[in-house]
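>>> Next one to model:
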Amino acid sequence: VGVGSRGIANLQTMVRTTLEVLRDLGAKPFVVAAMGSHGGATAEGQRELLAGYGISEAELGVPVKTDMAAVRIGTNSWGEPVWWDKNALAADAMITISRIKPHTDYRGRFESGILKMLVIGLGKRDGAAQHHRWGWRGLSEMLPESGKVVLEKTPFVAGLAVLENAREQTARLQVVEKDQVFDAEPKLLDEARQLMGRLPFDQLDLL
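Next comes the predicted model:
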């Protein structure tokens, strides 16, 4: 189960419930840090970040793997390598818990969400550096191309899409299966944008 570093409301409850469902299905789940180079791009820093959200071995009773090892799994259409978390790649199946929301720095069909977590979060330091080196184009334009490689080459099966309301509380959850990501996530992003808080004015001359 891939878990990122952002402050998602009720995150521990979502992760705990996901783990319980997987156990009921006969799996032996574990958590993988899916946060790119956050936490100082170190295993210790990422473990500390996750623990701050209640995502720890002590709280959840499962291994929490935060080491930064990534494997090159292919090349995208830009001719750039695509990287993926070594622990996630070794799993039989991979699920992410991903908040869908507009990104603060760029606009595209895919912003913060499942695909970004798959490409940059689980790309670890290498995947994050690879895309950020291209600036906004690396996130808006190259990220979907890397995402196609990830969907083809990895055991990812589904993402739990989390939408939050204007008060930053859980508004809706939706399971997005692997073959639905490219169609479903842009629609969820549009919905998330409509849920955001707004200033109640059509025009502001001075703020």
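
>>> how far away is the residue lying farthest from the centre of the chain from residue 110?
Distance from the C-alpha centroid of the chain peaks at residue 205, with 37.5 Å (CA atoms, centre = their mean). For residue 205, the distance to residue 110 (CB to CB, to the nearest Å) stands at 35 Å. Yep, even glycine has a C-beta here, placed from its N, CA and C like the rest.

>>> Residue 148 now?
11 Å.

>>> More neighbours: the two, which one.
Neighbour count, other CB atoms under 10 Å: between residue 148 and residue 110, residue 110 has more, with 22 against 17.

>>> Need the three-state assignment for the more buried one.
Secondary structure assignment for residue 110 (DSSP: H, G, I helix; E, B strand; the rest coil): coil.

>>> And for residue 176?
Classification of residue 176 by three-state DSSP places it in strand.

>>> Is it in contact with residue 158, as I believe?
Yes. Contact criterion CB atoms under 8 Å: residue 176 and residue 158 qualify, at 6.3 Å.

>>> Between these two, which has more neighbouring residues?
Using other CB under 10 Å, the more surrounded residue of residue 176 and residue 158 is residue 176, with 22 against 17.

>>> in this structure, which residue is closest to the centre?
residue 117 (2.6 Å).

>>> and residue 5, how many neighbours does it have?
Neighbourhood size, residue 5 [other CB under 10 Å]: 19.

>>> my guess is it meets residue 37, correct?
No. Counting by CB under 8 Å, residue 5 stays clear of residue 37, with 10.1 Å between them.

>>> So what touches the helix or strand of the chain with the lowest mean pLDDT?
Sorting the helices and strands of the chain by mean pLDDT, DSSP states H and E puts helix 136-137 at the bottom, at a mean of 84. The contact list for helix 136-137 (CB atoms under 8 Å, 6 or more residues apart in numbering) reads 105-106.

>>> which is the next helix or strand following it?
Sequence order places helix 143-153 as the next helix or strand after helix 136-137, per DSSP states H and E.
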